[in-house]
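**Student:** next input, structure requested:
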Amino acid sequence: MCRGKKITCLTRRAMQAADKGNLVVATEVLKEAIVLTNKGKMVIVEATSYNNLGLIVQLGGDTLKAKEYFNKALILVQGKLGNDNFLYHKIAHNLVCCG
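**Tutor:** Numbers count the residues shown, from 1 in each chain. Okay, the predicted model is just below:
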């Protein structure tokens, strides 16, 4: 299976685990996806994964860690696309809503 497809499968599995309330599994699976994005220099996919990870840890109540992940995502998006795009604004919104 190609790296992109594996990342998609991992992300889907993580979000399904989160939907079922299994945040520990969701977190670990997303971290695995992030490792794969790093190897493939897939910056936007990595940023999206960090955003998703932020949402999951926020659900678990760890707002400090969530902010850290949202900030990592913002830095990646800004470095690749700048800050005037939908993805950047969406992640920034998640950061603000995190408190």
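**Student:** packing partners of the helix or strand hosting Glu32?
**Tutor:** Glu32 belongs to helix 23-40 when assigned by DSSP states H and E. If you count contacts as 3 or more CB pairs under 8 Å, 6 or more residues apart in numbering; DSSP states H and E, helix 23-40 packs onto helix 3-19, helix 43-59. For every residue, glycine as well, the C-beta is placed using N, CA and C.
**Student:** flag every buried residue along the lowest-mean-pLDDT helix or strand in the chain.
**Tutor:** Of all helical and strand segments in the chain, the minimum by mean pLDDT, DSSP states H and E falls on helix 23-40, at a mean of 93. Across helix 23-40, burial judged by 16 or more other CB atoms under 10 Å covers 23, 25-27, 29-30, 32-34, 36-37.
**Student:** want to try a markdown table for those residues, with distance to Leu76 as columns?
**Tutor:** Shown next, in a markdown table, are the buried residues of helix 23-40 (distance: CB to CB, whole Å):
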| residue | distance to Leu76 |
| --- | --- |
| Leu23 | 23 |
| Val25 | 24 |
| Ala26 | 20 |
| Thr27 | 19 |
| Val29 | 19 |
| Leu30 | 15 |
| Glu32 | 18 |
| Ala33 | 14 |
| Ile34 | 11 |
| Leu36 | 15 |
| Thr37 | 9 |
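**Student:** from the residues you listed, pick the one nearest Ala73.
**Tutor:** Taking CB to CB as the measure, Ile34 is the one of the buried residues of helix 23-40 closest to Ala73, at 10.5 Å.
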